[in-house]
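Asker: here is my input, please return the structure:
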Amino acid sequence: MGEAVGLIIIVNFWENLALPLAIAALLDFLIGDPWNWLHPVQVMGWGIGRYGQWVQTRLHLTTEPESVRQKVEVQRGAGVLLAIALVLGSGVVGWLIVYLSRTVHPFLGLAIESILLASCFAGRSLRDAAADVLRPLAAGDLATARSHLSRYVGRDTENLPASEILRAVLETVTENATDGVTAPLFWAIAGSFTPLGPVPLALGYKAASTLDSMLGYKAAPYTHLGWCSARLDDLLTWLPCRLTVLTLALLSGRPRHVLKLCRRDAPQDPSPNAGWSECAYAAALDVQVGGQNIYRGQVTHKPLLADPVCPITPERIQQALGLTRRVFLLWLALAIALHLANF
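Answerer: As a prediction, this is how the structure comes out:
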């Protein structure tokens, strides 16, 4: 009887869409994004860059008021068109690749689907980025640590002391934990319960996130072209971000404490999502993030999030990465359980 039940579970697991999610998670954990492999984000980035250059060349703003108003509207329209085309196009292309590969052989379809899903998760990339900075920092090589940090953050890093390097690393891994790990997983899981499958929704979200990272700036020249991209990414990240905060609060063992600090501090951040993500991690770890940053020589002040009970250390950063992994595995386990129950 037990063997029959086990066989039924294995068959159900094989036939439903939980299997590619599990394989993709394993691939991301073990391999991440191999160097010199073509990545979907690279293709998206190339298309966004070319389109952005074309729009800026053809729709360059003049100083005449009427012309400025008209071309602002045209640039916003061009941004809306780009966002719709790239997000929908990425989803359709992803679905088509999986469908065609399945017609060749089911195993090929499973492999392609798993690889495409793994490319949407950035758990291994976040761990590698943190280690890339923490290794030279632990060796006392501040110059190398600053140089490596500049690959991952937009702030000026040339004169940062060790404490500010650690803060920058923690803020990077906690902000990107949502848009790079849990949000893609959320949309992949959501897609796995639809006839589309997990790939189209995960790739669509990844396209929106890439658009925001490349064009979603308030400063010129992308103020108007990236307007739609920034808001679309905020919208698609809103729910997974709140679920991430709730999960972190539960995993911390002090849900009331974490949620209290998030309600107090996160709304001060101009981003509707980044502040919540960073604050939840900081509250769970008893550290404080935010403060003064310098971008291209200009001093900016980010709101202080959570309370500085403990200093930020490499160990706290590793704990943050561990929390991200636990959130990811918990969501994945719940998705697999629901699929096996034929939800």
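Asker: and the helix or strand harbouring I317, what does it pack onto?
Answerer: Secondary structure assignment for I317, by DSSP states H and E: helix 314-340. Counting contacts by 3 or more CB pairs under 8 Å, 6 or more residues apart in numbering; DSSP states H and E, helix 314-340 packs against helix 2-15, helix 18-30, helix 123-138, helix 162-177, helix 183-192, helix 227-252, helix 274-285. Bear in mind the C-beta positions are built from the backbone N, C-alpha and C, glycine included.
Asker: distance between that helix and the chain's centre?
Answerer: 14 Å (CA atoms, centre = their mean, to the nearest Å).
Asker: what mean pLDDT does that helix get?
Answerer: Averaging the model's pLDDT scores along helix 314-340 yields 95.
Asker: pull out the buried residues from that helix.
Answerer: Buried residues in helix 314-340, counting neighbours by 16 or more other CB atoms under 10 Å, are found at 314, 316-317, 319-321, 323-325, 327-328, 331-332, 335-336, 339.
Asker: now stretch 115-135
Answerer: Applying 16+ other CB under 10 Å to stretch 115-135 flags 115-127, 129-134 as buried.
Asker: so who does the residue nearest to A177 when sequence neighbours are not counted touch?
Answerer: In space, and not counting its chain neighbours, A177 is closest to T324: 4.4 Å by CB to CB, 6 or more residues apart in numbering. By CB atoms under 8 Å, 6 or more residues apart in numbering, T324 lies in contact with 123, 126, 173, 177, 181-182.
Asker: could you check how far S101 is from F328?
Answerer: Counting by CB to CB, to the nearest Å, the separation of S101 from F328 is 26 Å.
Asker: kindly report the same for A306.
Answerer: A306 sits 22 Å away from F328, taking CB to CB as the criterion.
Asker: check contacts around the nearest residue to L243 once chain neighbours are set aside.
Answerer: Leaving aside its sequence neighbours, L243 sits nearest to F186 (CB to CB, 6+ apart; 6.7 Å). Residues in contact with F186 (CB under 8 Å, 6+ apart) are 239-240, 243, 331.
Asker: try R167
Answerer: Each residue near R167 by CB under 8 Å, 6+ apart is listed here: 289, 291, 312.
Asker: what sits against the nearest residue to P40 once chain neighbours are set aside?
Answerer: Residue nearest to P40 in three dimensions, not counting chain neighbours: S119, with 5.3 Å by CB to CB, 6+ apart. Taking CB under 8 Å, 6+ apart, we find S119 in contact with 33, 39-41, 206.
Asker: repeat for L149
Answerer: The neighbours of L149, taking CB under 8 Å, 6+ apart as the test, are 133, 157, 160, 165, 168-169.
Asker: where's it relative to P136, distance?
Answerer: Distance, L149 to P136, by CB to CB: 10 Å.
Asker: now swap in P303 and tell me
Answerer: Applying CB to CB, the value for P303 to P136 is 30 Å.
Asker: which SSE is immediately downstream of the longest helix along the chain?
Answerer: Among the segments of the chain that qualify as a helix by DSSP state H, the longest is helix 65-104. Next in sequence after helix 65-104, counting helices and strands by DSSP H and E, comes helix 106-118.
Asker: that next one versus helix 123-138: what angle between them?
Answerer: 50 degrees (axes from the mean of the first three to the mean of the last three CA atoms, to 10 degrees).
Asker: how far off centre is the longest helix of the chain?
Answerer: Relative to the chain's own centre, helix 65-104 is displaced by 19 Å; criterion: CA atoms, centre = their mean.
Asker: contacts only, for the closest residue to Q319 other than its chain neighbours.
Answerer: For Q319, ignoring the flanking residues on the chain, the nearest one in space by CB to CB, 6+ apart is L285 at 5.8 Å. With contact set as CB under 8 Å, 6+ apart, L285 has these partners: 310, 316, 319-320.
Asker: from these, which single one is nearest G49?
Answerer: A320 (31.6 Å; CB to CB).
Asker: surely that closest one meets T174?
Answerer: Yes. Using CB atoms under 8 Å, A320 makes contact with T174 at a distance of 5.6 Å.
Asker: could you report the pLDDT at the residue nearest to P40?
Answerer: S119 carries a pLDDT value of 92.
Asker: shaky segments in the stretch 51-200 of the chain?
Answerer: Applying pLDDT under 70 to the stretch 51-200 of the chain picks out residues 56-70.
Asker: actually the stretch 201-343 of the chain, not the one I wrote
Answerer: Using pLDDT under 70, the stretch 201-343 of the chain drops low at 216-223, 343.
Asker: recalculate using a threshold of 50.
Answerer: Along the stretch 201-343 of the chain, no part satisfies pLDDT under 50.
Asker: surely T210 is in a helix?
Answerer: Yes. Using DSSP: H, G, I helix; E, B strand; the rest coil, the secondary structure at T210 is a helix.
Asker: count the neighbours of it for me.
Answerer: For T210, the neighbour count with other CB atoms under 10 Å is 24.
Asker: how far away is the closest residue to it other than its chain neighbours from Q53?
Answerer: Nearest residue to T210, sequence neighbours excluded (CB to CB, 6+ apart): M44, at 4.7 Å. Taking CB to CB as the measure, M44 falls 15 Å from Q53.
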